[in-house]
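Novice: fold the following, please.
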Amino acid sequence: MANSDTVLVVGGGVTGAGVARDLSLRGVDVVLAERDGLSSGTSSRSHGLLHSGARYAESDLRGAEECIQENRILKSTAGACIRDTGGLFVQLAADDPAYFERKREACADAAIETELLDADAVRETVPELSATVERALWVPDAVVFPSRLVATNAADAAAHGARILPHSPLESLRVRNEQVVSAQLGGTADETIEPDYVVNAAGAWAGQVAAMAGLEVTMAPSRGVMISVAYDQCEPVLNRCRVPDDGDIVVPHDGEVVLGTTSVPASDPDDCERADWEVETCIEECAAMLPPVADAEITRTWWGVRPLYAPDEAGQDRRGISRGYSLLDHAMDDVENVASIVGGKLTTYRRMAAATADLVCDRLGVAADCVTADRPLPGHDDPARLDEYVARFDSRGPTDADIVS
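Specialist: So this is what the prediction gives:
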């Protein structure tokens, strides 16, 4: 039986869609509002890597453990939203062998499965890798198609009573007696909602949404470029085994690979520069691992904005900001019925949604547990059905434009 309380989820990326799904499966009445098509902010403007956790293992053990756990869950529940390619952390002659060993040891600490490959074995896997490759570490990375993942989460939420409102931007929040009492939606919705609880899942725009309720959420977004080029001789994800830097990931698709990425501070996520040097640097650095991409035909180029939360670190190098997530209960800021879920990675969206739904249910007195870890997403075994969901919610983005029909 549905709960009589209404939760407004602001933000239709993968986290917001995941929150809407989780809450609706617990019988909560949900309205999800997104200013554009679903996933249009960050989720479908990424490089589409389903992390194994290995990228951050030596710098963030807890985050790595969360990634590998969620990686396994998504591989078992998300079906054709995932392409299970495996991944390689490649050490070239110019790379520090001690860093490679730290990576390997950290993966073991995080319970991330690995396999050591010598140079010959690596070239058997990817024949056109750089001649300077010395060894590689196999890890269970994969590729995720975010347009499908967001849409199927939204479809399951809708099937359980949620109202999904793309192209319905939040225009204002009215606060009275330490409660949000109304929310004005524009666009195709053009209506006033009287929510019992509000979840701010607006990603890089979370600070702007929070400000409507007189709250402060300090985001430190950074932009990054992705370039998809025509190339069909790479099956696993390639990661340069060095401290994370520009142009160190190659993500395979069918007949293309996505090269990523840069990290440049972005003061306004709606008005980011698109600099030629980012494209040139990314191609040059990725070609150090996989030389043929230097001259491959570029099929599309796009920029995304990382939703980094950094209340104490906004002046630092944004590559050093944690990719972990934070759940902010604004009752501590004197607005009792608002929470913000910020930071994190696409790989950990389900865990972020579960934590958020736990908090909301606690506040609303709903006694229901999370079921998303074991429940397959609708259409998971039917790519055509998934793509129908994409069309329904207008969630198609550049990350997987070559995959989604």
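
Novice: endpoints of stretch 112-128, how far apart?
Specialist: Terminal residues of stretch 112-128 are spaced 27 Å apart (Cα to Cα, to the nearest Å).

Novice: now do stretch 290-300: distance from first to last residue.
Specialist: 19 Å.

Novice: over to stretch 365-383?
Specialist: Terminal residues of stretch 365-383 are spaced 38 Å apart (Cα to Cα).

Novice: can you list the buried residues in that stretch?
Specialist: Across stretch 365-383, burial judged by 16 or more other Cβ atoms under 10 Å covers Val366, Cys370, Thr372, Leu377, Pro378, Gly379, His380, Pro383. All C-beta atoms are positioned from the backbone trio N, CA, C, and that covers glycine.

Novice: quick one: residues contacting the fifth one.
Specialist: Remark: with contacts taken as Cβ atoms under 8 Å, 6 or more residues apart in numbering, Pro378 is in contact with Thr152, Ala155, Asp156, Ala159, Arg385, Tyr389.

Novice: against Ser24, how distant is the third one?
Specialist: Plainly put, Asp156 is 8 Å away from Ser24 if you go by Cβ to Cβ, to the nearest Å.

Novice: shaky segments in the protein?
Specialist: Applying pLDDT under 70 to the chain flags the ranges 1-3, 313-323.

Novice: just to revisit the earlier point, looking at the contacts of Pro378, spot the one nearest Glu284.
Specialist: Distances from Glu284 to the contacts of Pro378, taken as Cβ to Cβ, are shortest for Thr152 (36.6 Å).

Novice: just checking, Val181 touches Thr192?
Specialist: No - counting by Cβ atoms under 8 Å, Val181 stays clear of Thr192, with 10.1 Å between them.

Novice: and the helices in the stretch 301-405 of the chain, which stretches?
Specialist: For the stretch 301-405 of the chain, helices defined by DSSP state H, counting those that start in this stretch occupy the ranges 349-364, 383-393.

Novice: if we ignore the residues flanking it in sequence, what's nearest Ala111?
Specialist: Excluding its sequence neighbours, the residue lying closest to Ala111 (Cβ to Cβ, 6 or more residues apart in numbering) is Ile68, at 6.4 Å.

Novice: the one you found sits in which helix or strand?
Specialist: Assessed by DSSP states H and E, Ile68 sits inside helix 61-77.

Novice: how far is whichever helix or strand comes after that helix from where the chain is centred?
Specialist: Using DSSP H and E, the helix or strand that follows helix 61-77 towards the C-terminus is strand 82-83. Between the centre of strand 82-83 and the centre of its chain there are 14 Å (Cα atoms, centre = their mean, to the nearest Å).

Novice: ditto for stretch 387-400
Specialist: Chain-centre distance of stretch 387-400: 15 Å, with Cα atoms, centre = their mean.

Novice: residues touching that stretch, excluding its own?
Specialist: Residues outside stretch 387-400 that contact it (Cβ under 8 Å, 6+ apart): 12, 36-40, 43-48, 145-148, 150-152, 154-155, 164, 166-167, 226, 228, 253, 258, 300, 302, 378-379, 404-405.

Novice: 7 Å instead?
Specialist: 37-40, 44-46, 48, 145-148, 150-152, 154-155, 164, 166, 300, 302, 379, 404-405 (Cβ atoms under 7 Å, 6 or more residues apart in numbering).

Novice: buried stuff in that stretch?
Specialist: In stretch 387-400, counting by 16+ other Cβ under 10 Å, buried: Asp387, Tyr389, Val390, Phe393, Asp394, Ser395, Arg396, Gly397, Pro398, Thr399, Asp400.

Novice: dump it to CSV, restricted to CA.
Specialist: The C-alpha trace of stretch 387-400 is given here as CSV (Å, rounded to 0.1, in the frame of the first residue of the first chain):
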residue,chain,number,x,y,z
ASP,A,387,15.7,2.0,-25.7
GLU,A,388,12.0,2.5,-25.6
TYR,A,389,12.4,3.7,-22.1
VAL,A,390,15.2,6.1,-23.2
ALA,A,391,12.8,7.6,-25.8
ARG,A,392,9.9,7.8,-23.3
PHE,A,393,12.0,9.8,-20.8
ASP,A,394,14.2,11.6,-23.3
SER,A,395,17.3,10.3,-21.6
ARG,A,396,19.6,9.8,-24.6
GLY,A,397,23.0,11.4,-24.3
PRO,A,398,26.3,11.4,-26.1
THR,A,399,28.0,8.8,-24.0
ASP,A,400,26.2,5.9,-25.6
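
Novice: can you pull up the most central residue in the chain?
Specialist: Of all residues in the chain, the one closest to the mean position by Cα atoms, centre = their mean is Leu346, 2.1 Å from it.

Novice: just checking, it touches Ser46?
Specialist: Yes - counting by Cβ atoms under 7 Å, Leu346 touches Ser46, with 6.0 Å between them.

Novice: between those two, which contacts overlap?
Specialist: Jointly contacting Leu346 and Ser46 under the rule Cβ under 7 Å, 6+ apart are Pro146.

Novice: please, which helix or strand holds Arg223?
Specialist: strand 222-230.

Novice: sorry, back to before: format the contacts of Pro378 as TSV; extra columns: distance to Glu113.
Specialist: Putting the contacts of Pro378 into TSV (distance: Cβ to Cβ, whole Å) gives the following:
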residue	distance to Glu113
Thr152	27
Ala155	32
Asp156	29
Ala159	35
Arg385	31
Tyr389	32
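
Novice: by neighbours, which of those wins?
Specialist: Most neighbours among the contacts of Pro378, by other Cβ atoms under 10 Å: Thr152, with 28 neighbours.

Novice: the host helix or strand of that one vs helix 349-364, what angle?
Specialist: Element membership of Thr152 [criterion: DSSP H and E] is helix 146-159. Using axes from the mean of the first three to the mean of the last three Cα atoms, to 10 degrees, one finds that helix 146-159 and helix 349-364 are set 30 degrees apart in direction.
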